[in-house]
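Participant: generate coordinates for the sequence data below:
(chains A and B)
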Amino acid sequence: MIDSHKRQRIGIEVSIGAAEMVKLCRPDGIAAYPITPQTHIVEHLSEIVADGALDAEFIPVESEHSAMSTCIGLSAAGCRTYTATSSQGLQLMSEILFIASSMRCPIVMTIVNRALSAPISIWGDLSDIMANRDVGWIQIFGNNGQEVYDLTPCAFKIAEDHRVLLPVGVNLDGFTLSHVVEPLETLTFEDIDSFLPPYEPKLRLDPDNPVMMGPVGAPEIFTEAKKAHEDALVASRLVIDEVFAEFGERFGRHYKAVEEYKTDDADTLIVTLGGTLGETGHVAVDHLREQGEKVGQAMLRVWRPFPFEDLQRILAGRKLVMVYDRAISLGGPGGPMASEIKSAMYGRADAPAILSVIAALGGRDVRWKDMVAQVADAKEMLENEQMPNYLMVGVRE
Amino acid sequence: MNPKTNANFNVFASRLLPKEELFTPGHRACQGCGPAVALRMITKALGRNLIVVNATGCMEIIASPYPFNAWEVPWIHVAFENAAAVASGVAAAIKVLKRKGKFFTQDEKITVLAIGGDGGTMDIGLQAVSGALERGHDMMYICYDNEAYMNTGIQRSSGTPMGASTTTSPSGKVSQGQNTWKKDFAEICIAHDIPYVATASISHPLDLAAKVKKGAAASGPAVLHVFAPCPTGWRCGPELCIRMARLAVETGVFPLYEYEDHQYNISVELDSLRDVTEFTDHFDKRNYMEQQGRYKHLKGDQELVDEIRHRVAERWERLQAKAALGGK
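Facilitator: Numbering: from 1, shown residues only, chains lettered A, B, ... in the order given. Here you go, the predicted model:
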């Protein structure tokens, strides 16, 4: 373990920090299209390449659809490949996201989460990634600048592991995280070179050894292809845990698929995904604890592969679990994360009451005081046996 | 030696194209498929130092039903509208990996070739093509043009010519089929001011091969617009495929030319244009439109046929005028 006191600690905008870390990972190719609030990441990367601080091809493509398509070309030809996007951009590349994972291209993408139109909104929520939940990528979340910084080399290492070979999306909240200045303990080329080996593709486009990539899948092979993809995505969890453990050992910051905060004796849990509600949740939990309430928090770091067993262990035996979603499945069961957590706990004798809470859409602020009040409301609803299927909070009537 | 005819085809076969087949027999194209002929010629011209990026379409599905494969060269298919973008990535990868001395050596010359049909190129893929050309990647884009979405069942594209009946521009009681003029893809590419643009036809294989080689040798993006009839979609006999391609050139419907150093060069000069059609009562094998079922409803519509004839002549004149301008 390296003594963290010797490390440089600087104040830096999270997007700039993320781009600096991408540089340390030495990608060979970057194809990107600008979209708010992802812009600072790709602007800074293009500066890094323009200054010769990173030897990479920076391809300023004409759309996000082409960004992901170009990334597949880069990756298939043997490059370590990176891109970043947000919101409508993620939606435009959605078609190709499925293909990138099915063709087992270990691309890493930073996704600066933002609402989807209409009405057009540049502000944060998780509608974009939830609409692309089933693209077959590994999907992880950073709750603060340091986490985004640290998870980026982990993402490359996980993606490129020959047991995995899947693309990884590193998510962070738009503006409330991407555009704030945070203290960051930085790493060096030497650190990352010792952690992340050069990319060795398993197959690549090579005239000396011709291969066919992306053939037609007739009905007699399609199901098997999907099963192989599913098995690889589920099995990637083993590698994710290994990589997080190695990162912790080397650099002293430890990450888990589901992080827990003051859960030990809690009868009530709030569950969050992403930094904005994640860190607000901490403050709310602290205040509720001061009032003698046994409240804790679980934060999903790994969204795909879905951490069923971790959640079953953490949620079992609690009285009440409030799942905060920053997205809504319109006309459906409420929040997408809540419905998955309900399905994880379904039929178990130790399952808690689970309330789906839809909050903080399109940049709407949720304060810790709001969360404290929402916990009290939810407890009352549970006591009065008036639990709704889901609750959209903070709506102005 | 062919045992049936006792003929030695080697005597007739051109020595200007290699015998090695890189787009091999056994694929699932229809009888008389024009684009398959084009791919055979193109790969022969380019040789093995080639990476092919194939847009979704006929040429993609016929040659890659897993686990079968008609390609002897590395080949990738991602989606319909993005072959140019994927090829951008492959070209950029070769550039950076050469620079870093990884996988490729500096002196290796590898052609990155993107292939798409008229729909995948002129319609849904046009943005990606434009982006790739504008960015100047060292790659070649070849549009094989069979004038409709043949893979999905002969639907009209912006490459479908005026008057052709397709399954989404059918002739009917109040319609004469396609009611728009064919998009001029080569001119769109020329407007990008790239090193090399050419039109070619499977009816002129040595001209096609020479242009493929020229395009691959250009430093920067090159585009070939290759005319390749689809007998299935054009409703004509498979044995007429090459003849239709030749008649398209000789009528001026699809003139062959190059654009290089800001200079138009006409590849096949025509003293006079063969008439597009006569619509006579007797079968005439020199007749372009009459032999294609997609035009048969035009038989009574002299006005539209005249309009097509006029337009073809006018475009040919404009091309001659541009060629006469000279370069630079």
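Participant: ok, whatever residue of the stretch 101-250 of chain B ends up closest to chain A to B:Ala198 distance?
Facilitator: Closest contact between the stretch 101-250 of chain B and chain A, by CB to the nearest CB, is at B:Gly131 (3.4 Å). To be clear about C-beta, it is placed using only N, CA and C from the backbone, and glycine gets the same treatment. Going from B:Gly131 to B:Ala198 by CB to CB, to the nearest Å gives 21 Å.
Participant: ditto for A:Val366
Facilitator: A:Val366 is 61 Å from B:Ala198, where distance means CB to CB.
Participant: isn't A:Glu260 up against A:Leu300?
Facilitator: No - using CB atoms under 8 Å, A:Glu260 makes no contact with A:Leu300, being 10.9 Å away.
Participant: of those two, give the one with the bigger neighbour count.
Facilitator: Taking other CB atoms under 10 Å in any protein chain shown, A:Glu260 and A:Leu300 do not tie; A:Leu300 has more neighbours (24 against 16).
Participant: so where's chain A shaky on pLDDT?
Facilitator: A:1-6 (pLDDT under 70).
Participant: so what's the one residue in it that gets nearest to chain B up against?
Facilitator: Closest contact between chain A and chain B, by CB to the nearest CB, is at A:Gly73 (2.2 Å). A:Gly73 is in contact with B:53, B:76, B:78, B:85-93, counting by CB atoms under 8 Å, 6 or more residues apart in numbering or on different chains.
Participant: alpha carbons only: can I get stretch A:238-245 in CSV?
Facilitator: Provided in CSV are the C-alpha atoms of stretch A:238-245 (Å, rounded to 0.1, in the frame of the first residue of the first chain):
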residue,chain,number,x,y,z
LEU,A,238,-16.0,-11.6,-9.9
VAL,A,239,-13.5,-9.4,-11.9
ILE,A,240,-15.1,-6.2,-10.7
ASP,A,241,-14.6,-7.3,-7.1
GLU,A,242,-11.0,-8.4,-7.8
VAL,A,243,-10.2,-5.1,-9.5
PHE,A,244,-11.7,-3.0,-6.7
ALA,A,245,-9.8,-5.1,-4.2
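Participant: which residues touch it?
Facilitator: Applying CB under 8 Å, 6+ apart, the contact partners of stretch A:238-245 are A:138, A:140, A:154, A:157-158, A:161, A:163-164, A:254-257, A:302, A:305.
Participant: what residues does the stretch 51-200 of chain A have near chain B?
Facilitator: Residues of the stretch 51-200 of chain A lying close to chain B (CB under 8 Å from any CB of the partner chain) are A:55-57, A:59-63, A:65-66, A:69-79, A:81, A:95-96, A:99, A:103.
Participant: now, of those residues, which are buried?
Facilitator: The neighbour count (16 or more other CB atoms under 10 Å in any protein chain shown) marks A:56-57, A:59, A:61-63, A:65-66, A:69-79, A:81, A:95-96, A:99, A:103 as buried among those.
Participant: bridging residues for A:Val302?
Facilitator: A:Val302 has these beta-bridge partners by DSSP bridges: A:Ile140.
Participant: show the contacting residues for it.
Facilitator: A:Val302 is in contact with A:138-141, A:237, A:240, A:257-258, counting by CB under 8 Å, 6+ apart.
Participant: would you list these in TSV and tack on neighbour count?
Facilitator: Listed next are these as TSV, based on neighbours: other CB atoms under 10 Å in any protein chain shown:
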residue	neighbour count
A:Ile138	26
A:Gln139	24
A:Ile140	26
A:Phe141	27
A:Arg237	21
A:Ile240	26
A:Ala257	19
A:Val258	18
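Participant: neighbours of residue 276, how many?
Facilitator: This is for chain A. 27.
Participant: was after chain B, sorry
Facilitator: B:Val276, neighbours per other CB under 10 Å, totals 25.
Participant: now do the phi/psi pair for it.
Facilitator: Main-chain dihedrals, B:Val276, degrees, to the nearest 10: phi -60, psi -30.
Participant: any idea how far it lies from chain A?
Facilitator: Between B:Val276 and chain A the computed distance is 37 Å (CB to the nearest CB, to the nearest Å).
Participant: isn't that residue up against B:Val305?
Facilitator: Yes - the criterion here is CB under 8 Å, and B:Val276 meets it with B:Val305 at 7.2 Å.
Participant: spit out the residues that contact these two alike.
Facilitator: Contacts common to B:Val276 and B:Val305, judged by CB under 8 Å, 6+ apart, are B:Met289.
Participant: the stretch 1-150 of chain B: strands as residue ranges?
Facilitator: Using DSSP state E, counting those that start in this stretch, the strands of the stretch 1-150 of chain B run over residues B:50-54, B:75-77, B:111-117, B:140-145.
Participant: grab the most central residue of chain B for me.
Facilitator: Centroid check for chain B by CA atoms, centre = their mean gives B:Val226 as the closest residue, at 2.1 Å.
Participant: look up phi and psi at the residue lying closest to B:Ala222 once chain neighbours are set aside.
Facilitator: If the residues on either side of it in the chain are set aside, B:Ala222 comes closest to B:Gly215, at 3.4 Å by CB to CB, 6 or more residues apart in numbering or on different chains. When quoted as degrees, to the nearest 10, the phi and psi of B:Gly215 stand at phi -60, psi -40.
Participant: in contact with B:Gly215, which residues?
Facilitator: Shown in contact with B:Gly215 (CB under 8 Å, 6+ apart): B:140, B:142, B:196, B:198, B:222-224.
Participant: could you measure from it over to A:Gly335?
Facilitator: Applying CB to CB, the value for B:Gly215 to A:Gly335 is 53 Å.
Participant: so A:Thr85 sits against A:Asn113, correct?
Facilitator: No - here A:Thr85 does not reach A:Asn113: they are 10.3 Å apart, not a contact under CB under 8 Å.
Participant: between these two, who's got more neighbours?
Facilitator: A:Asn113 (31 against 28).
Participant: show the contacting residues for the more buried one.
Facilitator: Per CB under 8 Å, 6+ apart, neighbours of A:Asn113: A:86-87, A:124-126, A:128-129, A:171-174, A:274, A:326.
Participant: who touches stretch A:365-384?
Facilitator: By CB under 8 Å, 6+ apart, the surrounding residues in contact with stretch A:365-384 are A:268, A:270, A:276-277, A:280-281, A:283-284, A:287-288, A:293, A:295, A:319-320, A:322, A:353, A:355, A:357, A:359-360, A:387-388, A:391, A:393-394.
Participant: again, 7 Å this time
Facilitator: With CB atoms under 7 Å, 6 or more residues apart in numbering or on different chains as the test, stretch A:365-384 has contacts from A:268, A:270, A:277, A:280-281, A:283-284, A:287-288, A:295, A:320, A:322, A:353, A:355, A:357, A:359-360, A:387, A:393-394.
Participant: same question for stretch B:167-176.
Facilitator: With CB under 7 Å, 6+ apart as the test, stretch B:167-176 has contacts from B:153-156, B:160, B:163, B:165, B:177-178, B:297-298, B:301, B:304.
Participant: what mean pLDDT does it have?
Facilitator: Across stretch B:167-176, the average pLDDT comes to 96.
Participant: can you give me the strands for the stretch 51-200 of chain A?
Facilitator: All strands of the stretch 51-200 of chain A, identified by DSSP E, counting those that start in this stretch, fall at A:57-60, A:81-85, A:108-113, A:138-141, A:168-173, A:181-185.
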